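Undergrad: kindly generate the corresponding structure for this input.
(4 chains)
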Protein chains: 2
Amino acid sequence: MKKPYGFTVHDIARLAGVSAMTISRAINNPEKVSPDTLARVLEVIKTTGFVPNGMARGLRSSHAKLVAALLPSLMSVVFQETVQSLSHRLQQLGYQLMIGQSGYDASQESALLDALIQRRPDGIISIGRIRTAEGRQRLIASGIPVVEAWDLPSTPLDMLVGFSHEQIGKEVAEFFLAKGYLDVGVISASDDRARRREHEFKITMETRRGATVHVVLGPAPSTLQGGRTGLQELLKSRPKLRAVFCSSDSIAMGALLEASVLGLKVPEDLAVVGLGDQEFAANLNPPLTTVRIDGTRIGRIAAELIVGRTEGKASHGNIVDVGFALIERQST
Amino acid sequence: MKKPYGFTVHDIARLAGVSAMTISRAINNPEKVSPDTLARVLEVIKTTGFVPNGMARGLRSSHAKLVAALLPSLMSVVFQETVQSLSHRLQQLGYQLMIGQSGYDASQESALLDALIQRRPDGIISIGRIRTAEGRQRLIASGIPVVEAWDLPSTPLDMLVGFSHEQIGKEVAEFFLAKGYLDVGVISASDDRARRREHEFKITMETRRGATVHVVLGPAPSTLQGGRTGLQELLKSRPKLRAVFCSSDSIAMGALLEASVLGLKVPEDLAVVGLGDQEFAANLNPPLTTVRIDGTRIGRIAAELIVGRTEGKASHGNIVDVGFALIERQST
DNA sequence: CTGAAAGCGCTAACAA
DNA sequence: TTGTTAGCGCTTTCAG
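TA: Got it, this is the predicted structure:
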């Protein structure tokens, strides 16, 4: 085929009796075209159904109007809100979102990064840190603006929107201590961020004499089933367990369910804390005490950071700590 | 800047002492390059960190290695598995996934479609039907291969991978009838596919004298909260309600929870059926009877249909009915 | 096996 | 306000 993609600006130009440049202007800077030429051009565009070729546009103008997101997996409910809001905000701003899932194979992280970089996106949003040094190196070398989201590393690659996992661990521990819960457990997915929350949680708990922390690890992404078996395991070694900090609301829901099956009263016999404040958290029985993360805000800000950088009108700083909030409900 | 994107094939060519064409060959057809030239070129590529420009490649070769997915929302757990598997399979095949969320505004569906078409993807996967006739028209006109997923319309645009929502409604109704449940309800999200299941369910139930079906609608995407309030409403008008068919597992979980709060025994007092067979369904208490949809398979096949079409080696037919399975557990 | 020329479709830069 | 020229970075095509 000569024209694999239907109409080009030249076809439209011919049909409208103007030059190709005028078509480009009519689309991108309509105010620079006289009203009647504009009307004529738009008419032709409409009748032909012409849609300009974004690859050619991107190639010429070094502006792909495309943003890439790199995330562990589309399966985790915790990131869902962030990705949805990211995609939504980008669409509003006239950008498209491209997805890369890194969860399967850390060794292929760098190949995945290359696949994304190849597209010359206007920005790359990494949910969670890039794990390999090689990958981080590659990202920096590409010169593409980067936003790291869902974390607050001390040496960011570039821009950042997240919160401190260590701080969460600390605050939940302090909350347990204030309640007088000393024999406590953690059911944690074995991902890096959950481990860091758990670590700080443990350290803080153990400042108090007599406090003991037992930890069980499940696979990521976390599941309801993980919460059920996690609680069983925990109770096996600590039958007097008084409270449990779960690394996600799904796990917490599983723990709640298992407690009910075992005849344990929540919070009288066992207190449960989740993480995420997903929709269902407030609607469980009892309503779940959890750490609220504003994923919607993270996604929105990540989008705005990238677009702000690309279009040269930055509105936020480069580092945004969105914080978190411990929401106390009836499960503690 | 003269070179907004770092190295080009020409830079690499100069450094390796060959022509640009040889760089292109080394990357895309390494077998057509002599072993030692290849080694030299790969060495230079490695030390420079060169990543070819995918926009230029796509422009020249009319082969973007990019697939677009159009879906109502990234928020619904029901599509999560499909999207994750779609993205995963595409990555394996060397393609990237681009996301478009249509859920917010049906009136902007056609603008969103244009944004996707602009990128000249190798295919567009629509989860759920394109709602507007204009949108459907635009898609066809673009000439881009289309896969409609999660449904089985009688007049597909092009390729198809899904299952019959009507058939599901029918089978669940027959299941209820066989169990002798006659006073039954439906808690349904108000999206088109759920409505069609509910419609067929109602028709089939009402072939039996004395069977009554009450329907309550909640917003999409469906939530646990929707299941709780849905069951409350249903019981208000039908206190003797014997069974309920929920349009998602999340809603079913809410119904289960509400039943437990109200002191209703499941399945003795009330039977509950969900849809989706999400991970948690089998782990609820009691384990949930539900309609299993193999989202992973749908995603994988959708990816393969598009890539097969683009690369000219079709492996499936154009229409794939993946079916569904009513999984009976202890909630009925 | 390797290279030179040409052009994919668009827009920046300049000119009229 | 509109048009002309050139070239973004790559790969197709044809020639060696």
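
Undergrad: DNA strand C contacts on chain A?
TA: With CB under 7 Å from any atom of the strand as the criterion, chain A meets DNA strand C at residues A:3-5, A:8-10, A:20-21, A:23-24, A:27-28, A:52-53, A:56-57, A:59-61. Using the backbone N, CA and C atoms, a C-beta is placed for each residue, glycine as well.

Undergrad: ok, 10 Å please
TA: A:1-13, A:19-29, A:32, A:50-63 (CB under 10 Å from any atom of the strand).

Undergrad: show me where chain A has strands.
TA: Applying DSSP state E to chain A gives strands spanning A:66-71, A:96-101, A:123-127, A:146-149, A:159-162, A:183-189, A:212-218, A:243-246, A:271-276, A:289-292, A:319-321, A:325-327.

Undergrad: closest to B:Asp294 out of those?
TA: Proximity to B:Asp294 (CB to CB) singles out strand A:96-101 among those, at 19.2 Å.

Undergrad: poorly predicted segments of chain A, please.
TA: By pLDDT under 70, the low-scoring segments of chain A are A:1-5, A:104, A:314-316.

Undergrad: distance of A:Leu97 from A:Val307?
TA: Separation of A:Leu97 from A:Val307 (CB to CB, to the nearest Å) stands at 12 Å.

Undergrad: I should have written A:Asn285 there, sorry.
TA: From A:Asn285 across to A:Val307, the span is 42 Å (CB to CB).

Undergrad: in terms of neighbours, single out the busier of those two.
TA: Using other CB atoms under 10 Å in any protein chain shown, the more surrounded residue of A:Asn285 and A:Val307 is A:Val307, with 23 against 16.

Undergrad: residues contacting the more buried one?
TA: Counting by CB atoms under 8 Å, 6 or more residues apart in numbering or on different chains, A:Val307 touches A:Val67, A:Leu90, A:Leu93, A:Tyr95, A:Asp122, A:Gly123.

Undergrad: identify the farthest-apart pair in those residues.
TA: Across those, the longest distance by CB to CB is 11.3 Å; it joins A:Leu93 and A:Gly123.

Undergrad: the more surrounded of these two?
TA: The neighbour comparison of A:Leu93 against A:Gly123 (other CB under 10 Å) goes to A:Gly123, with 25 against 16.

Undergrad: so that one touches A:Ile144, yeah?
TA: Yes - A:Gly123 lies in contact with A:Ile144 (CB atoms under 8 Å); the separation is 6.3 Å.

Undergrad: one step back: make TSV out of the strands of chain A and add distance to B:Ser102.
TA: Output for those, formatted as TSV (distance: least, CB to CB, whole Å):
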stretch	distance to B:Ser102
strand A:66-71	18
strand A:96-101	13
strand A:123-127	21
strand A:146-149	24
strand A:159-162	26
strand A:183-189	32
strand A:212-218	35
strand A:243-246	34
strand A:271-276	26
strand A:289-292	28
strand A:319-321	29
strand A:325-327	32
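
Undergrad: of all those strands, which one is nearest B:Asp192?
TA: Between those, strand A:96-101 lies closest to B:Asp192; by CB to CB that is 24.7 Å.

Undergrad: anything in that closest one near chain B?
TA: Yes - Strand A:96-101 lies within reach of chain B by CB under 8 Å from any CB of the partner chain, at A:Gln96, A:Leu97, A:Met98, A:Ile99, A:Gly100, A:Gln101.
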